[in-house]
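Colleague: Sharing a model prediction with you, sequence too.
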Amino acid sequence: MRIILLGPPGSGKGTQAQLLVQRYGIVQLSTGEMLRAAVAAGTPVGLKAKEIMASGGLVPDEVVVGIISDRIDQPDARNGFILDGFPRTVPQAEALDELLRHKHLKLDAVIELRVNESALLNRVETRVAQMRERGEEVRVDDTPEVLTKRLASYRTQTEPLIHYYSERRKLSTIDGMMAIDEVTRAVHRQLLALGAVEPKTHARSAAKSAPAKKAKATKTATKKAAKKPAKAAKKAAKPAKTAKKAAKKAVKGAKKAAKKTVKKAAKKTVKKGSKKGPKKVTKKRAKR
Ligand code: AMP
């Protein structure tokens with residue numbers, strides 16, 4: 001499954017992407033995360049992106065397209081991925097279309113999380129406060145001033161993607177103001193409706209880590225395999241049961257028939273004997 005999560009900063013894309021990763025065993029490709037890692041590692045890309053990111057601007061398209069193209073080629077992305085924070089401009093969306101076509105990959109859906117902009121500042125403030133409480137490092141661009149700029153860039157540069165994907169019949173819009181689990185359920189329903197996921201994908205069936213997931217899958221497979229012979233035995237026992245039933249029926253039938261014959265014979269004898277007097281015959285027979 002390959003999907004794009006679209007939404008302004010603070011709309012919950014990252015949270016939903018992580019939940020989708022757990023649920024479907026696919027990877028989250030967040031250009032923001034990758035760029036932050038590049039900045040921290042001091043790579044050439046990181047050096048290019050650092051200032052732009054700190055001010056809330058957009059890193060050049062060719063930089064992010066290059067990062068995404070390389071990341072999609074990694075083995076862990078083979079099972080599918082969620083693009084979070086990419087594409088952010090129409091040229092990036094066009095470049096993505098082109099690189100997916102080139103890699104013979106299909107995009108299943110674009111999920112837009114629609115939120116009330118005035119609530120976003122509150123959300124980000126709460127998130128920052130919680131991160132500080134947990135002693136976590138707060139992003140340099142998570143300030144009200146930078147967020148206002150990021151929101152403006154979303155409106156002018158990213159929002160046209162809603163039209164872009166809706167024209168291509170890829171867009172699904174979900175109310176991002178609902179509670180986190182309600183949004184997750186709505187996303188799942190949408191993916192089901194689009195046929196992007198199997199109906200039996202349960203939230204808790206996908207373990208958080210890949211090995212645990214594998215272990216669970218093996219366990220389920222073993223359980224299934226163990227159940228199979230039992231099922232087969234049950235099935236095989238069925239004809240035996242039927243045969244037994246049939247035999248019982250036959251014996252019953254034979255007994256009934258024999259009883260009938262005896263009765264008939266007795267009747268006949270009685271009839272015959274009745275010419276001479278039934279009592280006598282009976283006695284005679286009884287003697288015999
Ligand atoms: P995010 O974590 O998605 O909010 O991204 C943080 C910052 O990384 C953004 O404000 C941009 O400066 C930069 N960035 C992330 N993704 C992109 C992208 N697709 N195109 C351009 N810049 C990006």
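Modeller: Received it, and whenever you're ready, just let me know what you need.
Colleague: pLDDT score for the closest residue to the ligand within the stretch 101-250 of the chain?
Modeller: Per C-beta to the nearest ligand atom, residue 150 is where the stretch 101-250 of the chain lies closest to the ligand, at 5.2 Å. No exception for glycine: its C-beta is placed from N, CA and C like everyone else's. Note for residue 150: predicted pLDDT of 89.
Colleague: Contact partners for it?
Modeller: Applying C-beta atoms under 8 Å, 6 or more residues apart in numbering to residue 150 gives the contacts 8-9, 56, 141.
Colleague: what's the answer for residue 90, then?
Modeller: Here residue 90 is in contact with 160-161, 164 (C-beta under 8 Å, 6+ apart).
Colleague: do you know how far it is from residue 40?
Modeller: 30 Å (C-beta to C-beta, to the nearest Å).
Colleague: Now the stretch 1-150 of the chain against the ligand: closest residue?
Modeller: Distances between the stretch 1-150 of the chain and the ligand by C-beta to the nearest ligand atom are smallest at residue 32, namely 2.0 Å.
Colleague: nearest residue to that residue other than its sequence neighbours?
Modeller: Here the nearest residue to residue 32 in space, its sequence neighbours aside, is residue 85; by C-beta to C-beta, 6 or more residues apart in numbering that works out to 4.5 Å.
Colleague: okay, that neighbour: pLDDT?
Modeller: pLDDT, read off for residue 85, is 94.
Colleague: Ok, residue 139 next?
Modeller: 78.
Colleague: Assign it to helix, strand or coil.
Modeller: Classification of residue 139 using DSSP: H, G, I helix; E, B strand; the rest coil returns coil.
Colleague: how about the residues of this structure near the ligand?
Modeller: Within the chain, the positions adjacent to the ligand are 9, 31-32, 35, 52-53, 56-59, 64, 85-86, 88, 92, 141, 150 by C-beta under 6 Å from any ligand atom.
Colleague: List only those of the residues you listed flagged as buried.
Modeller: Applying 16 or more other C-beta atoms under 10 Å to those, the neighbour count classes 9, 31-32, 35, 53, 56, 58-59, 64, 85-86, 88, 92, 141, 150 as buried.
Colleague: Most widely separated two among the residues you listed?
Modeller: Of all pairs drawn from those, the greatest distance, 18.9 Å, lies between 92 and 141 (C-beta to C-beta).
Colleague: Checking the closest residue to residue 151 other than its chain neighbours next. Helix, strand or coil?
Modeller: Leaving aside its sequence neighbours, residue 151 sits nearest to residue 8 (C-beta to C-beta, 6+ apart; 5.8 Å). Three-state assignment for residue 8 (three-state DSSP): coil.
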